[in-house]
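Q: only geometry, no sequence info:
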């Protein structure tokens, strides 16, 4: 774990999109934050693993296969990156992320989104999708592509009932300049290595290099006692009824179709070039 202390100037806060300014949405967000704070405190007491910013891999044996087969996963994401222009920015998938994702600085490709398998996207990375599917534990899985020089501002996740694993795939050579802070602890990514975070701790990311950073992010349930599992299930059910869930789900499907069309055109072009 790196002890990075470099100061980075905070970018100007981007304006809120007009679609996020409705009174109902504001009330849902305000009361939702109060509810999730109470739920997180309860889930912390119910947790069967440490309630720390980083949680040791020894608690999650299913993650070992991702490390064992990381080179196959890396090869798949390199193919995906050939269609970089068709990949959405995180804020295009989830408009509520407008503050932490801007322009094309943080691109994504979702394989599993909010509990649903994205069949077309999974065809772009079949090995990765197979490992995820067989684990039987993943809610959300996506390739996270961070532009050179970009800083993701400090933010927090929704529920302590979900943990997030990071698998390093394409990491800048100066990896000590590419780091994440969770709470007061820092970590640098390493190709082929997984670490797990609790994103309800305040966290932020820097890529202070001139190279792209690509990781696979995996969201899965925190091991908890029955009461904690029940509360988490109810909370996720409630979230799925809101625009915070419905909008990203629709947007993911739209971008899935866009990528499928782009790859189809590329394959057709290759076939024509191969004709005598």
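A: That came through, no problem. The structure presented is a predicted model; accordingly, all values stated were derived computationally and were not measured. Residues are numbered from 1 along each chain as shown.

Q: neighbours around residue 145, how many?
A: For residue 145, the count of nearby residues is 24 (other Cβ atoms under 10 Å). C-beta here means a position set from N, CA and C on the backbone, and glycine is covered the same way.

Q: what are the bridge partners for it, then?
A: Beta bridges link residue 145 to residue 107, residue 214, judged by DSSP bridges.

Q: mind listing what it touches?
A: 81, 84, 87, 106-109, 212-214 (Cβ atoms under 8 Å, 6 or more residues apart in numbering).

Q: count of residues packed around the nearest residue to residue 67 once chain neighbours are set aside?
A: Distance criterion Cβ to Cβ, 6 or more residues apart in numbering; nearest residue to residue 67, sequence neighbours excluded, is residue 194 at 5.5 Å. Close neighbours of residue 194, defined as other Cβ under 10 Å, add up to 20.

Q: and residue 194, what pLDDT?
A: Per-residue confidence (pLDDT) for residue 194: 98.

Q: how near is residue 198 to residue 182?
A: 7 Å (Cβ to Cβ, to the nearest Å).

Q: who has more neighbours out of these two?
A: Neighbour count, other Cβ under 10 Å: between residue 198 and residue 182, residue 198 has more, with 25 against 21.

Q: tell me the confidence at the more buried one?
A: pLDDT, residue 198: 98.

Q: ramachandran coordinates for it?
A: phi -100, psi 110 (degrees, to the nearest 10).

Q: got the buried residues for stretch 110-130?
A: 110-114, 118, 121-122, 124-125, 128-129 (16 or more other Cβ atoms under 10 Å).

Q: which of these sits closest to residue 138?
A: residue 112 (5.6 Å; Cβ to Cβ).

Q: which residues touch the strand or helix carrying that closest one?
A: Residue 112 belongs to strand 106-113 when assigned by DSSP states H and E. Here strand 106-113 makes contact (Cβ under 8 Å, 6+ apart) with 77, 80, 84, 87-91, 93, 100, 117-118, 121-122, 124-125, 128-129, 132, 138-147, 150, 152, 248-249, 252, 256, 259.

Q: for the record, mean pLDDT for that strand?
A: Rounded mean pLDDT across strand 106-113 is 94.

Q: name every strand pairing with the helix or strand that that strand is followed by and say which way it goes.
A: Per DSSP H and E, the first helix or strand lying C-terminal to strand 106-113 is strand 116-117. Applying DSSP bridges to the sheet, strand 116-117 is found paired with strand 106-113 (antiparallel).
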